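> Just to be clear, the model below is a prediction. Sequence and coordinates:
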Amino acid sequence: MRGLSLNILLAIVWTLFVGEFSLRELAIGMLLGFAILSFFPLSLGTGNYVRRTLAVVRFALFFVRELTAANVQVALWALRPRPPLHPMVIAYPLRLSGDTAQTVLAATITLMPGSVAMGFNPERSVLYAHVIGADSPQAAREGFKKVEDALLPLYGQSAASTAPTVEEHA
Amino acid sequence: MNDFNAARDIPILLGAFFVLTAAIGMVRFPDLYSRLHASSKLITLGSAGIFIGVGLEFAQTEALTRLAAVLLFQFLTTPLSAYLIAQAAYLRGLAPLLEGPDEWNALGKAALLDRRLEELQGSAED
């Protein structure tokens, strides 16, 4: 919170400095302010904010790439004479916890190649998804793991916490 | 074609192409769950392409902020509705066409239904 308010403050100072208050100058001010905050994380106490923002940017880039790949793939399936769908419903044991984080994960998986989130178990430690186009449940879980790995730093959770396997839940 | 504007027209054409394939996929995929793949992913990027093209056509602050809001809500609501449709269909017993495993049926469906039933009974007693 402190990092964000400092960043906005620096952006406003920048608009005063150039003498023009517009969306464009505010955006430039945000970028310059972010550079200042990331140069002096210790004295300003903004290390956490900088890390999180970078995680958000990295996740956004990853997301756009995956979404484009998903669309090209599903578009090709839709146009092929006999789409190789191999539909299945798989369970994915979650390492992420928390309402927001799990919602974002489910939404991202729905926009990813070949998977639509279908539900959580009552304890919300397992995510169920309908998968098409994957060779095996293991291959599909690998894809989910990439998304989860990109999301974990965003919510300040470590990837080290071991996930329960599907068999343990059976 | 003499007023072709690449920055504006290419996103619109790409978006229109993805919306078209979404429609084709909706007709051709075998069951509700597979069709959700076509509707959720392809419609999201397809409409995003069209919106971006329209936003670049106007290229003003007001147009761009509205564009950003439209895209944000599109990305928030489409996966949510796909999730709810898939879950509702599954819990009501519409069997997906499967060539692979069905791990939800093995692990989760009964437990989730029990939990829902308890919630319903709890709210009926209140």
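Arrived safely, thanks for sending.

> so the closest residue to chain B within chain A bridges to which residues?
Going by CB to the nearest CB, chain B is nearest to residue A:88 of chain A, at 2.6 Å. C-betas here are computed from N, CA, C, even on glycine. Beta-bridge partners of residue A:88, counted by DSSP bridges, are residue A:131.

> What mean pLDDT does the helix or strand where residue B:48 lies get?
Under the criterion of DSSP states H and E, residue B:48 resides in helix B:43-58. The average pLDDT within helix B:43-58 is 86.

> is that helix up against chain A anywhere?
Yes - for helix B:43-58, a contact with chain A is found by CB under 8 Å from any CB of the partner chain, at B:44-46.

> Quick check: buried residues in that helix?
B:43-56 (16 or more other CB atoms under 10 Å in any protein chain shown).

> The residue of chain A closest to chain B touches residue A:129, doesn't it?
No - with contact defined as CB atoms under 8 Å, residue A:88 and residue A:129 do not form a contacting pair (9.3 Å).

> okay, the two: which has more neighbours?
residue A:129 (27 against 21; other CB atoms under 10 Å in any protein chain shown).

> tell me the contacts of residue 18?
No chain in the question, so chain A it is. Contacts for residue A:18 were tallied using CB atoms under 8 Å, 6 or more residues apart in numbering or on different chains; they are residue A:25.

> hmm, I had chain B in mind actually
Applying CB under 8 Å, 6+ apart to residue B:18 gives the contacts A:71, A:75, B:42-43, B:45-46, B:49.

> so which of those residues comes closest to residue A:138?
Residue A:138 lies nearest to residue A:71 out of the contacts of residue B:18, by CB to CB, at 24.4 Å.

> in the helix or strand hosting the closest one, what's buried?
Residue A:71 is part of helix A:47-79, with elements assigned from DSSP H and E. Judged by neighbour count (16+ other CB under 10 Å), helix A:47-79 contains these buried residues: A:49-53, A:55, A:59, A:62-63, A:66-67, A:70-71, A:73-75, A:77-78.

> Near chain B, list only the ones from the residues you listed.
Restricting the buried residues of helix A:47-79 to those near chain B - CB under 8 Å from any CB - leaves A:67, A:70-71, A:74-75, A:77-78.

> Now do the residue lying closest to residue B:40 once chain neighbours are set aside, the pLDDT please.
Nearest residue to residue B:40, sequence neighbours excluded (CB to CB, 6 or more residues apart in numbering or on different chains): residue B:82, at 3.9 Å. pLDDT for residue B:82: 90.
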